[in-house]
Structures are given as structure tokens and as C-alpha cells.
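Student: based on what follows, work out the 3D shape:
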Amino acid sequence: MEIRKLVTIVEETRREMDRPVEPASRQCAAIAVIANPYAGVYDEGLEELQKAGAELGGLLAQRAIDALGIDGAAVHSYGKAAVVGENGEREHAAAVMHPRLGKPVREIVGPARSVMPSTTKIGGPGTAIDCPLHHKDDVWKFSHFDSMQVSVPDAPRADEIVVVLAISDSGRPFHRVGEDLAAADVMAKKE
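Tutor: Predicted coordinates:
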């Protein structure tokens with residue numbers, strides 16, 4: 001795996017609706033800009049990108065928790081996203097994110113029982129992507145449904161992929177919408 005650039009963004013919300021948020025709500029996106037070995041080429045297995053995902057999971061999770069100055073147990077939410085340069089395809093993002101990236105992340109921030117939400121898109125340098133977030137242990141914790149918008153001004157180039165892992169140390173400030181329910185309760189509710 002060839003990494004051209006690593007970027008870490010910390011967003012800290014201290015006030016919302018002219019009210020102090022105490023403690024501040026923080027989100028961090030750890031980002032890797034990697035070369036896409038399959039740019040312009042169709043490959044059936046995409047094994048190199050799957051291996052890259054396994055390496056990036058641990059690297060990005062550690063960078064994110066270090067940036068927030070917390071340990072893995074203090075992580076509330078997580079999510080992942082990828083922007084593939086124009087000579088690639090969205091399946092390249094899936095190869096990086098889905099089969100192997102999650103295991104090392106869970107080992108660092110665990111226990112983490114929820115599936116990690118994700119999103120992908122094709123774009124050029126500076127393309128913004130909303131990285132979805134939800135609670136690492138309870139997919140139905142409505143207070144933690146959120147996202148973090150990120151972009152890298154000079155990436156992805158046509159033969160690159162921007163890979164994002166986002167974490168948070170809290171839910172949305174002053175959350176008031178939705179109730180935290182067990183999955184069975186959500187399925188049983190009728191609107």
C-alpha cells in the first residue's frame with residue numbers, strides 16, 4: 001500500500017443554539033490518501049485493496065483516538081467513508097472498507113458490536129463526503145446518529161482513494177429526537 005498523505009481533523013463543538021456544550025462534543029476523522037493499484041483496470045478480487053483496508057483500520061483508529069486524547073473504550077461512535085478518484089470505481093472503496101478494515105478498528109475501540117456505517121463516492125480533488133456515525137455498541141442509539149463532513153483539498157487524484165475513519169466521544173449535543181430502543185422494539189413500532 002502506498003500512502004501519499006495522512007490527515008487528521010478534530011472538530012470540537014463547544015456551543016450549540018447559544019448554549020454551552022459541557023463537556024464539548026468531539027469528532028475526529030483520520031484520513032489516508034492511498035494509491036489505487038486498480039485505477040483504470042478491472043480486477044476480479046481486488047486483493048491489494050482488501051489488504052490495505054486491514055492495515056488502514058488499525059492505523060487510522062489509533063491516529064483518531066490519539067488526536068482526541070482518549071483510549072478506545074471512550075469512543076462512542078464510529079463510521080467510515082471513501083472517495084475514489086475518477087479512474088477507479090466504487091467497488092474499490094468497498095474493497096478497502098468492508099472485508100477487513102473493521103476488525104482492527106474494533107480491537108482498538110472495543111467492545112464494538114454495531115456494524116460500522118459507511119458511504120462511498122467517485123470524485124476529484126477536494127470532493128467532500130459525509131462520513132456517517134452511529135454508536136459502536138448499539139445501532140439503535142438515536143442520540144448518536146450523526147455524520148462528519150470531510151475533504152482533502154488535493155485528493156483524490158484520478159488514481160487515488162481517500163479513506164476516512166471517523167470517531168466521536170459523544171452523541172449529538174442536546175439530542176432530543178428519537179428514543180433509544182432495542183432492535184426488536186424498533187421493528188415492532190408502527191408509525
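
Student: quick one: strands adjacent to whichever strand or helix holds A29?
Tutor: Assigned by DSSP states H and E, A29 belongs to strand 19-35. Strand 19-35 sits in its sheet next to strand 3-16 (antiparallel), strand 160-168 (antiparallel), going by DSSP bridges.

Student: could I get the CA-only coordinates of the longest one as CSV?
Tutor: This points to strand 3-16. Output in CSV follows, covering the C-alpha atoms of strand 3-16 (Å, rounded to 0.1, in the frame of the first residue of the first chain):
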residue,chain,number,x,y,z
ILE,A,3,0.2,6.3,1.3
ARG,A,4,0.7,9.7,-0.2
LYS,A,5,-0.8,11.7,2.7
LEU,A,6,-2.3,11.3,6.2
VAL,A,7,-4.7,14.0,7.5
THR,A,8,-6.3,14.2,10.9
ILE,A,9,-9.2,16.6,11.6
VAL,A,10,-10.7,17.2,15.0
GLU,A,11,-14.0,19.1,15.3
GLU,A,12,-15.0,20.2,18.8
THR,A,13,-18.4,21.7,19.4
ARG,A,14,-18.5,24.0,22.5
ARG,A,15,-21.7,25.9,21.9
GLU,A,16,-25.0,25.0,20.2
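
Student: got the buried residues for it?
Tutor: V7, I9 (16 or more other C-beta atoms under 10 Å). Heads up, the C-betas are built off the backbone N, CA and C, glycines and all.

Student: list the contacts of that strand.
Tutor: The contact list for strand 3-16 (C-beta atoms under 8 Å, 6 or more residues apart in numbering) reads 20-21, 24-35, 63-64, 67-68, 148, 150, 152, 154-155, 160, 173-174.
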